[in-house]
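Visitor: Dropping a prediction and its sequence here:
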Amino acid sequence: MSLKRTNVYADPEDLAVIKDAATRRGVSEAEIIREAIHRAAQKLRVWNEPLDFPSFDGPGTPAGKAEVTRTVADRARRR
């Protein structure tokens, strides 16, 4: 992965939190910041295509806990 250098201004309190997190995770402060930038960029990303969520056959009413448990167990047994 090719990285580009940039400068970012941050509050001292935020930098202290980043430093603490980096120490606890055993990674560099830069890695914590890169991960945060990546998560923010993905959160704000606009996708060109709609997400393809699976659909399920059913009566169109909310399923109860017992029905969900039974359906999941049935599907797991089929695999």
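Guide: That came through fine.
Visitor: Next one: the residue nearest in space to the middle of the chain from Ile33, what distance?
Guide: By Cα atoms, centre = their mean, the mean C-alpha position of the chain lies nearest to Arg39, the distance being 7.3 Å. Separation of Arg39 from Ile33 (Cβ to Cβ, to the nearest Å) stands at 11 Å. Every C-beta, even on glycine, is put in place using the N, C-alpha and C of the backbone.
Visitor: can you give me the helices for this structure?
Guide: Along the chain, the stretches classed as helices by DSSP state H are 12-25, 29-44, 65-78.
Visitor: Out of those helices, which gets nearest to Pro54?
Guide: Minimum separation from Pro54 across those (Cβ to Cβ) falls at helix 65-78, 11.7 Å.
Visitor: And the average pLDDT for that closest one is what?
Guide: The average pLDDT for helix 65-78 rounds to 90.
Visitor: again, but for stretch 46-59
Guide: Computed over stretch 46-59, the average pLDDT equals 80.
Visitor: To Asp57, which of the helices of the chain lies closest?
Guide: Across these, Asp57 has its closest neighbour in helix 65-78 (10.7 Å, Cβ to Cβ).
Visitor: which residues touch that closest one?
Guide: Residues outside helix 65-78 that contact it (Cβ atoms under 8 Å, 6 or more residues apart in numbering): Ala63.
Visitor: Could you check how far the residue sitting furthest away from the middle of the chain is from Asp20?
Guide: For the chain, the C-alpha farthest from the mean C-alpha position belongs to Pro59; by Cα atoms, centre = their mean, that distance is 31.6 Å. Per Cβ to Cβ, Pro59 is found 51 Å from Asp20.
Visitor: and what of Val8?
Guide: Where Asp20 is concerned, Val8 sits at a distance of 18 Å (Cβ to Cβ).
Visitor: For these two, indicate the residue with more neighbours.
Guide: Asp20 (12 against 6; other Cβ atoms under 10 Å).
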